[in-house]
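J.: dropping a prediction and its sequence here:
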Amino acid sequence: MTIPMHALPLNLFLWRYIKALLCLLLLLGVVPAFAEGSRVVATGGGTMIEGSAGGGIVPWAVINGYGSSDEWSATAMATGVYVDDFTLKVIGASLSFDNRFELSAARQTFDLETMGGELGQDIFGVKYKLAGELLYTAMPQITLGAQYKRVDDFAIPQAVGARSDWGLDVYLAASKVFFDAVAGRNLLLNGTVRATKANQTGLLGFGTQASSDYQFVLEASAAVLLTDNVALGIEYRQKPNELAFAREDDWQDVFLAWFINKHLSVVTAYANLGSIAGFDDQQGWYVSVEGAL
């Protein structure tokens, strides 16, 4: 019996999509072209909680992996965020080409440990480099990105006032490395402007019953490269505060990233996520492991 595509759970469809895409690349002879990549270690960043290249909570203008001109790259990641009353688990993967174009997919599971149950969300991302270069030009690297998001079960988001079970975030990011900027160490700065309707990044739905307008929010990251492959940094993510039932606070973290080599990296952070669904002062640890080809 054939199951119609619209009847498949979105998370199952997500991973079938990824496998089909990899099979297509094999048929086209692209996957054998994956190599270590020509770019400098750490220039692909990590993978953020929504699957795009960046820090932990902020997308950067960098493209995932280490592929340069005419080279492909692929990454896979697993992330856990453990705060006082909730746990967020994320798995994801990405494909990039020419250090210019990135496709990503991520699956989020949000465990409501105090309340019971869980929320789930699937995210498909695309990113395109518009101009500049991270290391070697005066102009920062600038990318345009989008993230399509859809929650599994709209019952809880709808009950707290959300308008829709899906949304599209669009963002513009600029990243630049400044050499010998802090005590002889290199400094990375990133700024992102995001247009979004997402409540708690989408886990509590999109928009409200009173409004479906986009909100423009600012996000920023700064990191000092302590060595060629170890970075210490901070991130800040402004959040919309649209749902009437509970306050939504901005997020921030302090992170340490270890790019072991071009195939493996580990990012850990201490995160302050403020109030989530009425539970105040949500603080805890973030751990992410990424593999790259």
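T.: Good, I have the coordinates.
J.: so where is the stretch 1-150 of the chain shaky, pLDDT-wise?
T.: 1-36 (pLDDT under 70).
J.: would you map the helices across it?
T.: Secondary structure of the stretch 1-150 of the chain, counting by DSSP state H, counting those that start in this stretch: helices at 10-27.
J.: where exactly do the strands run in the stretch 51-200 of the chain?
T.: 53-54, 72-83, 87-97, 101-111, 118-131, 141-151, 162-164, 166-182, 185-196 (DSSP state E, counting those that start in this stretch).
J.: just those: most buried one?
T.: Most buried of the strands of the stretch 51-200 of the chain, by mean neighbour count (mean count of other C-beta atoms under 10 Å): strand 53-54, with a mean of 28. From N, CA and C alone the C-beta is placed, and that goes for glycine too.
J.: what lies in contact with that strand?
T.: With contact meaning C-beta atoms under 8 Å, 6 or more residues apart in numbering, strand 53-54 is reached by 44-48, 59-60, 62-65, 94, 96, 102, 104, 127, 173, 190, 221.
J.: could the strands of the stretch 51-200 of the chain go into JSON lines alongside distance to residue 275?
T.: JSON lines is the format used below for the strands of the stretch 51-200 of the chain (distance: least, C-beta to C-beta, whole Å):
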{"stretch": "strand 53-54", "distance to residue 275": "24"}
{"stretch": "strand 72-83", "distance to residue 275": "11"}
{"stretch": "strand 87-97", "distance to residue 275": "15"}
{"stretch": "strand 101-111", "distance to residue 275": "15"}
{"stretch": "strand 118-131", "distance to residue 275": "16"}
{"stretch": "strand 141-151", "distance to residue 275": "20"}
{"stretch": "strand 162-164", "distance to residue 275": "17"}
{"stretch": "strand 166-182", "distance to residue 275": "21"}
{"stretch": "strand 185-196", "distance to residue 275": "18"}
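J.: what about the ones you listed, which gets the closest to residue 38?
T.: strand 72-83 (10.1 Å; C-beta to C-beta).
J.: just the angle between the closest one and strand 101-111, please?
T.: With axes from the mean of the first three to the mean of the last three C-alpha atoms, to 10 degrees as the basis, strand 72-83 and strand 101-111 are set at 20 degrees to each other.
J.: next one: strand 72-83 to chain centre, how far?
T.: 9 Å (C-alpha atoms, centre = their mean, to the nearest Å).
J.: tell me which strands that strand pairs with, and in which orientation.
T.: Strand 72-83 has the following sheet partners, assigned by DSSP bridges: strand 87-97 (antiparallel), strand 283-292 (antiparallel).
J.: figure out which of those is closest to residue 260.
T.: Residue 260 sits nearest to strand 283-292 of all the strands paired with strand 72-83, at 10.1 Å, using C-beta to C-beta.
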